[in-house]
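Participant: generate coordinates for the sequence data below:
(chains A and B)
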Amino acid sequence: MFGDYSLGDLGSIFVMQGFAGLILFSVYVLMALGLAIIFGQMGVINMAHGEFMILGAYVTWMTSNFFQTYLPSLFSGYFFLAMILAFVASGALGMLVEWVLIRHLYKRPLDTLLATWGLSLILQQAFRSVFGAREVGVDLPQWMLGSLHVSESIEVPINGVFVMCLTVLITVGVAYVMYKSRWGRQVRAVVQNRIMAGAVGINTEKVDRYTYGLGCGIAGIAGSAFTMIGSTGPTSGQLYIVDTFLVVVFGGAASLLGTIASAFSISQTQSTLEFFMSGSMAKVLTLLAVVGILMLRPQGLFALKVRK
Amino acid sequence: MSDEETKGLLSPLRRKLLMGIAAVPAITMLPRASFAQSPATSAINTTGLAVTDTEVTVGILHSATGTMAISETGSIEAEKLAIEQINAAGGVLGRKIKFIQEDGASDWPTFAEKAKKLLVNDKVAAIMGCWTSASRKAVLPVVEQYNGMLYYPTFYEGLEQSKNVIYTGQEATQQILAGLNWIAKEKGAKSFFFVGSDYIWPRTSNKIARKHVENVLKGKVVGEEYYPLGNTQFNSVINKIKLTKPDVIFTDVVGGSNVAFYKQLKAAGIDLSKQALLTISVTEDEIDGIGGENIAGAYACMKYFQSLDNANNKAFVPAFKKMWGEKTVIGDVTQAAYLGPWLWKLTVEKAGSFDVDKIAAASPGVEFKGAPEGYVRIHENHHLWSKTRVGRAKLDGQFELIYETADLVEPNPFPKGYQ
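Facilitator: Below is the predicted model of the structure:
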């Protein structure tokens, strides 16, 4: 298939394909980060993760409408405010959900699967009732559209660069909070031994609530960012949930580094395979590889060393 | 009585309508006058359908919840509008149409179950419904077993024909061939790149398109790619498109993937005003989600666009917006769904009976001159004769009509040489 092309052509295609892989990597990391906290740290199987993302997307849509109507002069910068609002909205809903639903289930982690799945159905129907069954189109400021023209045949999508920067920023933020801050230590203490953590004076309920809220808030930011590359509709969250769990489980549930490594390997495998075969086959082979590796290494790529 | 009906009665619009009718005695006189002349129920309903001296019940069966609600909402709206208009014009054989709405919930077994409920318990005279091929395939054995009548609105892959179904959308050859001919002639296109979602409709459509490109247009298909439903990352296939530089990108990507595909195409610097793209899966409904700026310049091959300039459509669009809101858009399938109740009414009147066997027999040749798309006629194979049109997407999310076939295109669900 490469016979007819010059070396220059091929070179630029490989550069762009590499870049496509990097974008996919950022997208995977961004959508998995929130879940890595909720599932990885707290052990809650949050099936409603996608819906928290879509809440962020709808907040972005509403913000964009608000700016278009009332503050058109500031429209070019609305997206940053939208992401903050998305974080706040999803995070607040997350804390509410934790208080109403999740906190009763910490002793029965498998039941969280059903509870949050039900929650995701409820949220989907709520979106449908509030925003309508049709997808909404989020208008983006002009500067976020199109591509950077690097050379004659290399074009770098601006939204891809944006997602990459955002991912780096949030990953660094999360890593800092989880591993360097006092609060992160408390979170890990609660996860490892709830009773003991309570005994040394940690307010475990509060830690749980904020941790869940943080995970959901990050999902909201991811949803907000994905309005640039995907659809915003009541059921769009379903498009992400499988890949998200795949990344987190493959990486090793309790490890942030594992999440990143697994997002990297899955995205690179997938985008390389996609180039040589059709999209569906690429997906099948990627999934097969993941299943195969998980059979050999059930704990995922990176696992915390714990004494059992 | 389903929830939907109660809601319908309580809605402000319906209330206003009832008040309006109550306030103008002349209007209430008209249908009464026609009731007086209407034929006896026993004569026009020999099979025990839900027909009384004043009412006839039909079923609406679409997904109001679940993934497919995005697409099927428009169809539900169009069918309700058609029913309301038919009632305002005196009903069918002097009987008002009452509808029972059931929710298929985007789940194919549910569709079959609800179809059975409509036919067996409610004894509906006809069902307006289904959207995806999968839901139709689930309902088909039910309507055949219980001898119901289904009016199916979506353009689909063909390869089906039933006494109990009227297909008001296009089958694949009707939708694709004229569009490919046009783009080959107009753009001198020789090389095509196919991108589709991975299920039966895109695969069958692309198979037909490939045969046509290779055998008739003497062109070349330089790539054919499928992505799983719901896929949101298209950067790799976009790179392949850049590598192969096709004259035309031919797409049948559906659902949420559509949005991702066009956004990423735009972000990758593919300018649709220079790169020809022909889609058979994007209507005004989808553009709402995609965003006009992401798809402006693309060509779509359909039989109806909201912007069509004819007298029927000029009455239809404002009526639809009045009922469902100024911001709603009307896509190809929505219009096809609107045809269902009207074609059924015309067929019943032609047959002089609500009996399904008589309707099935009377269907071929029924013509609807008030169709928003212009004029349609039912073929012997229960599909519609209709024109194929190519439109170009504009920034505002509407299509500009570029080309239409001079004559109605014959439906051909089992195309020879294309299988």
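Participant: for B:Val195, helix, strand, or coil?
Facilitator: strand (DSSP: H, G, I helix; E, B strand; the rest coil).
Participant: look up how far A:Leu119 lies from it.
Facilitator: 35 Å (Cβ to Cβ, to the nearest Å). The C-beta positions use only the backbone N, C-alpha and C, and glycine is treated the same way.
Participant: quick one: which of those two has more around it?
Facilitator: B:Val195 (28 against 20; other Cβ atoms under 10 Å in any protein chain shown).
Participant: what residue is smack in the middle of the chain?
Facilitator: The chain I'm using is chain A. A:Met31 (0.9 Å; Cα atoms, centre = their mean).
Participant: my question was about chain B
Facilitator: Centre-nearest of chain B using Cα atoms, centre = their mean is B:Val333, 2.6 Å out.
Participant: what does the stretch 151-300 of chain B put close to chain A?
Facilitator: Residues of the stretch 151-300 of chain B lying near chain A by Cβ under 8 Å from any Cβ of the partner chain: B:198, B:224-228, B:230-233, B:235-240, B:242-243, B:255-260, B:263-264, B:266-269, B:285-293.
Participant: let's see it at 6 Å
Facilitator: By Cβ under 6 Å from any Cβ of the partner chain, the residues of the stretch 151-300 of chain B that approach chain A are B:198, B:225-228, B:230, B:232-233, B:235-236, B:239, B:243, B:256, B:259-260, B:263, B:267-269, B:288-289, B:291.
Participant: for B:Thr405, what are its contacts?
Facilitator: Neighbouring residues of B:Thr405 by Cβ atoms under 6 Å, 6 or more residues apart in numbering or on different chains: B:178, B:387-388.
Participant: JSON lines for those residues, including secondary structure, neighbour count and pLDDT?
Facilitator: As requested, the contacts of B:Thr405 are arranged in JSON lines below (DSSP: H, G, I helix; E, B strand; the rest coil; neighbours: other Cβ atoms under 10 Å in any protein chain shown; pLDDT from 0 to 100):
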{"residue": "B:Ala178", "secondary structure": "helix", "neighbour count": "20", "pLDDT": "89"}
{"residue": "B:Lys387", "secondary structure": "coil", "neighbour count": "19", "pLDDT": "94"}
{"residue": "B:Thr388", "secondary structure": "coil", "neighbour count": "22", "pLDDT": "94"}
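Participant: tell me the one of the residues you listed nearest chain A?
Facilitator: B:Thr388 (25.7 Å; Cβ to the nearest Cβ).
Participant: surely the closest one meets B:Val409?
Facilitator: Yes - using Cβ atoms under 6 Å, B:Thr388 is in contact with B:Val409, at 5.3 Å.
Participant: the nearest residue to A:Pro109 once chain neighbours are set aside and chain B, how far apart?
Facilitator: Leaving aside its sequence neighbours, A:Pro109 sits nearest to A:Gly43 (Cβ to Cβ, 6 or more residues apart in numbering or on different chains; 4.8 Å). Noted for A:Gly43: a distance of 28 Å to chain B, by Cβ to the nearest Cβ, to the nearest Å.
Participant: need phi/psi at A:Gly43.
Facilitator: The phi/psi pair for A:Gly43 (degrees, to the nearest 10) reads phi 80, psi 10.
Participant: counting neighbours, what do you get for the residue of chain A found nearest chain B?
Facilitator: Nearest residue of chain A to chain B, counting by Cβ to the nearest Cβ: A:Glu135, 2.9 Å away. A:Glu135 is flanked by 26 other residues according to other Cβ under 10 Å.
Participant: now do it, the pLDDT please.
Facilitator: On pLDDT, A:Glu135 comes in at 81.
Participant: cool, B:Tyr375 as well?
Facilitator: pLDDT recorded at B:Tyr375 is 93.
Participant: tell me the contacts of it?
Facilitator: B:Lys369.
Participant: please apply the same query to the one 3 residues further on.
Facilitator: When contacts are counted by Cβ under 6 Å, 6+ apart, B:Ile378 touches B:363-364, B:366.
Participant: look up how far B:Gly340 lies from it.
Facilitator: Distance from B:Ile378 to B:Gly340, by Cβ to Cβ: 12 Å.
Participant: give the pairing partners of the lowest-mean-pLDDT helix or strand in chain A; include direction for each.
Facilitator: Within chain A, no helix or strand scores below strand A:147-149, which has a mean of 80 by mean pLDDT, DSSP states H and E. Strand pairing for strand A:147-149, using DSSP bridges, gives strand A:155-157 (antiparallel).
Participant: quick check: residues of the stretch 51-200 of chain A near chain B?
Facilitator: Applying Cβ under 6 Å from any Cβ, we find that the stretch 51-200 of chain A lies next to chain B at A:133-135, A:137, A:147, A:155, A:157, A:159.
Participant: just want the residue of the stretch 201-350 of chain B that's nearest chain A.
Facilitator: Here the residue of the stretch 201-350 of chain B nearest chain A is B:Gly289; by Cβ to the nearest Cβ that distance is 2.9 Å.
Participant: just checking, that residue touches A:Ser231?
Facilitator: Yes - between B:Gly289 and A:Ser231 there is a contact at 5.4 Å, judged by Cβ under 6 Å.
Participant: identify the contacts common to the two.
Facilitator: Shared contacts of B:Gly289 and A:Ser231, defined by Cβ under 6 Å, 6+ apart, comprise A:135, B:259.
Participant: where does chain A have low pLDDT?
Facilitator: Applying pLDDT under 70 to chain A flags residues A:1-5, A:253, A:304-308.
Participant: restrict the host helix or strand of the residue of the stretch 201-350 of chain B closest to chain A to CA atoms and write it as CSV.
Facilitator: For B:Gly289, the host element (DSSP states H and E) is helix B:284-290. Output of helix B:284-290 as CSV, limited to C-alpha atoms (Å, rounded to 0.1, in the frame of the first residue of the first chain):
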residue,chain,number,x,y,z
GLU,B,284,-30.6,18.0,9.6
ASP,B,285,-31.2,16.1,12.8
GLU,B,286,-27.6,14.9,13.0
ILE,B,287,-26.1,18.3,12.1
ASP,B,288,-27.7,19.6,15.2
GLY,B,289,-25.2,17.6,17.2
ILE,B,290,-22.3,17.8,14.7
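Participant: now do the helix or strand just after it: which elements does it pack against?
Facilitator: Using DSSP H and E, the next helix or strand after helix B:284-290 towards the C-terminus is helix B:292-295. For helix B:292-295, the packing partners by 3 or more Cβ pairs under 6 Å, 6 or more residues apart in numbering or on different chains; DSSP states H and E come out as helix B:256-267.
Participant: pLDDT of the helix it packs on, averaged?
Facilitator: On average, helix B:256-267 scores 87.
Participant: quick one: contacts of it?
Facilitator: Here helix B:256-267 has contacts from A:147, A:157, A:159, A:229-231, A:236, A:239, B:197, B:230-232, B:234, B:238, B:253, B:286, B:289-290, B:294-295, using Cβ under 6 Å, 6+ apart.
Participant: at 7 Å instead, please
Facilitator: Residues outside helix B:256-267 that contact it (Cβ atoms under 7 Å, 6 or more residues apart in numbering or on different chains) are A:135, A:145-147, A:157-160, A:228-231, A:233, A:236, A:239, B:197, B:227, B:229-232, B:234-235, B:238, B:253, B:281-282, B:286, B:289-290, B:294-295.
Participant: gap between the helix or strand just after that helix and the chain center?
Facilitator: Per DSSP H and E, the first helix or strand lying C-terminal to helix B:256-267 is strand B:276-279. Computed by Cα atoms, centre = their mean, to the nearest Å, the chain-centroid distance of strand B:276-279 equals 21 Å.
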